[in-house]
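Enquirer: need coordinates for the below:
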Amino acid sequence: MLRNLTFILKSSMRNRRRTALTITSIAVSFCLLGVLMAMYRALFFGGPGTPAQAVRMITHHKVGLADVMPMSYEDKIRRVPGVKEVMLWQWFGGSYKNARDHRNYFARFAVEPDRFFTIYSDTTMPADQKEAFLRERTGCIVNAGLARKFGWKLGDRITLVGDIFPVTLEFKLVGIYADPENHEALFFNKEYLRESLGADSPMRDVASMFEVKADSIADVPRVAASIDHMFDNSPAPTRTESERNFELSFVAFLGNLKLFLLAICGAVTFTILLVSANTLSMSVRERVREVGILKTLGFTKGAIVCLILGEAGVIALAGGTLGIALAGLLCGGIRNGASGIENLRALAMTPGLALAALGIALFIGLISSLIPALGASRTTILDSLRYSG
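Expert: The predicted structure is shown next:
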């Protein structure tokens, strides 16, 4: 086949309009297929973003995130063997400026500043800003990307109007941190929230979640099971899961996303197969007389099959390569705009995915042209030369 590569390339461009349209259709299909493959990998096989994330767990009410747990659970969790640190992690919600503008959305959490940087050991911030966060009750810290998004600077005042909690909180921005996962979030002192609620508020001494850090990755399954077993018979049973699985639980609200993505990938692949098979069949029908001439010149059946398969492979690889390049660009755009879906931070066309997609493209090209190639190779010289279709 390699000896006839020039002939294969020229044959594939015999009908330039049809070849261009075929490559374009394959490229568009593989762009969609590539994005779906990258999304599947990012959601279900991305793995923990950093070693620090791998040892973090979330403990929440077993029934659902809307149910709360007593704050006293924190000390009990801290005494579980294998727990390095635990911290209250309270979702505040609320609204910033215009609540109807989705661009004003970002995560807001009440935390314990003295434990925050032990739990999030991969978070970096200047020492003086850390000290300010520990010292100032109304101080808050934000991710560097979030600060750029809203144009915030140190010392700015940020006001959040509560919805879950019936309070309006005004913060002073005392720190801007950087983290590997680039979580766009605002953190503030839980004591400020408790004081704002008042002594008689039933929401004062409860927590929606606890962030738990294990001593090692090997301790994570055992620690999670121990925490949940400890509260099995309590009024507020718990569910403890890794930070990544906790994030994936939000994706599960959409239904069986795994099956959905796989079904679409299968449908796209089948569609590409039909398009390629139809194009190659038309191409072979137009060249029946040419096949007869090639046989007259001494080309064997195997050589003719290889020529047709090679032509199909060239077209499929060209369309697949273009589609994968487009998928890479599209993944980058989705990743940059997915501030609310942390798992999609890992969305990318990796070299492994690109090679797999190219392999699928080549496979589709060869399979779709196999039957037309075999049919052409079996046509006798006499029948080929008499063909006038």
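Enquirer: residue 207 contacts residue 77, doesn't it?
Expert: No: with contact defined as C-beta atoms under 8 Å, residue 207 does not reach residue 77; the gap is 10.7 Å. Every residue, glycine included, has its C-beta placed from N, CA and C.
Enquirer: list the buried residues in the helix or strand hosting residue 222.
Expert: Using DSSP states H and E, residue 222 sits in helix 220-230. Neighbour counts using 16 or more other C-beta atoms under 10 Å place 220, 223-224, 226-228, 230 of helix 220-230 among the buried residues.
Enquirer: same check, this time on stretch 148-155
Expert: For stretch 148-155, burial by neighbour count (16+ other C-beta under 10 Å) applies to 150, 152.
Enquirer: neighbouring contacts of it?
Expert: 129, 142, 146-147, 158, 172-176, 184 (C-beta atoms under 8 Å, 6 or more residues apart in numbering).
Enquirer: what about it, average pLDDT?
Expert: Averaging pLDDT along stretch 148-155 gives 93.
Enquirer: domains for the protein, by residue range?
Expert: By the assignment in automatic domain parsing, the chain contains the domains 2-47+255-386, 51-254.
Enquirer: lowest-confidence stretch among those?
Expert: Note on these: domain 2-47+255-386 shows the lowest mean pLDDT, a mean of 78.
Enquirer: that domain: how far from the chain's middle?
Expert: Distance of domain 2-47+255-386 from the chain centroid (C-alpha atoms, centre = their mean, to the nearest Å) equals 25 Å.
Enquirer: same list (the buried residues of helix 220-230) but as CSV, adding distance to residue 84.
Expert: Output for those, formatted as CSV (distance: C-beta to C-beta, whole Å):
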residue, distance to residue 84
220, 11
223, 9
224, 14
226, 14
227, 13
228, 18
230, 17
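Enquirer: of the residues you listed, closest to residue 377?
Expert: residue 220 (59.0 Å; C-beta to C-beta).
Enquirer: okay, now the closest residue in space to the closest one that isn't next to it in sequence: neighbour count?
Expert: Spatial nearest neighbour of residue 220, excluding adjacent residues (C-beta to C-beta, 6 or more residues apart in numbering): residue 214 at 4.9 Å. For residue 214, the neighbour count with other C-beta atoms under 10 Å is 22.
Enquirer: so who does residue 214 touch?
Expert: Neighbouring residues of residue 214 by C-beta under 8 Å, 6+ apart: 55-57, 82-84, 220, 223.
Enquirer: next one: residue 261
Expert: 36, 39-40.
Enquirer: next: residue 203.
Expert: Applying C-beta under 8 Å, 6+ apart to residue 203 gives the contacts 68, 165, 197.
Enquirer: for it, helix, strand, or coil?
Expert: coil (DSSP: H, G, I helix; E, B strand; the rest coil).
Enquirer: Provide the backbone phi and psi angles at it.
Expert: phi -90, psi 0 (degrees, to the nearest 10).
Enquirer: check the one 3 residues further on too.
Expert: Reported as degrees, to the nearest 10, the phi and psi values for residue 206 are phi -120, psi 160.
Enquirer: so which residues make contact with the helix or strand just after the helix holding residue 222?
Expert: Following helix 220-230 in sequence order, the next helix or strand is strand 238-242 (DSSP H and E). Residues outside strand 238-242 that contact it (C-beta under 8 Å, 6+ apart) are 48, 54, 56-62, 69, 73, 212, 220, 223-225, 227-228, 231, 249.
Enquirer: need the buried ones from the residues you listed selected in ChimeraX.
Expert: Here is the ChimeraX command that selects the buried residues among the contacts of strand 238-242 (16+ other C-beta under 10 Å):
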select :54,56,57,58,59,60,61,62,69,73,212,220,223,224,227,228,231
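Enquirer: that older thread, of all the contacts of residue 203, which comes closest to residue 354?
Expert: Closest to residue 354, out of all of the contacts of residue 203 and judged by C-beta to C-beta, is residue 68, at 46.0 Å.
Enquirer: beta partners for residue 108?
Expert: The partner list for residue 108 in beta bridges (DSSP bridges) reads residue 186.
Enquirer: that one and residue 305, how far apart?
Expert: Counting by C-beta to C-beta, to the nearest Å, the separation of residue 108 from residue 305 is 64 Å.
Enquirer: between these two, tell me which one has more neighbours.
Expert: residue 108 (23 against 20).
Enquirer: that one against residue 186, yeah?
Expert: Yes: counting by C-beta under 8 Å, residue 186 is a contact partner of residue 108 at 4.8 Å.
Enquirer: can you check which residues contact both of the two?
Expert: Both residue 108 and residue 186 are contacted by residue 160, under the criterion C-beta under 8 Å, 6+ apart.
Enquirer: closest to residue 370 among the contacts of residue 261?
Expert: Closest approach to residue 370 among those (C-beta to C-beta): residue 36, at 26.0 Å.
Enquirer: how many other residues sit next to that closest one?
Expert: Residues lying near residue 36 (other C-beta under 10 Å) number 17.
Enquirer: that's a strand at it, yeah?
Expert: No: secondary structure of residue 36 (three-state DSSP): helix, not part of a strand.
Enquirer: skipping its backbone neighbours, what lies nearest residue 192 in space?
Expert: Here the residue nearest residue 192, using C-beta to C-beta, 6+ apart, is residue 137, at 5.1 Å.
Enquirer: ok so, going back, specify the beta-bridge partners of the residue nearest to residue 220.
Expert: Note on residue 214: beta-bridge partners by DSSP bridges are residue 83.
Enquirer: ok, longest helix in the protein?
Expert: helix 301-337 (DSSP state H).
Enquirer: what are the buried residues along that helix?
Expert: Buried residues in helix 301-337, counted by 16+ other C-beta under 10 Å: 304-328, 330-331, 334-335.
Enquirer: cool, stretch 365-384 as well?
Expert: 365-366, 368-370, 372-373, 375-377, 379, 384.
Enquirer: what are the contacting residues of it?
Expert: Contacting residues not belonging to stretch 365-384 are listed as 273-274, 276-277, 280-281, 283-284, 287-289, 291-293, 295-296, 301-302, 304-305, 308-309, 311-317, 387 [C-beta under 8 Å, 6+ apart].
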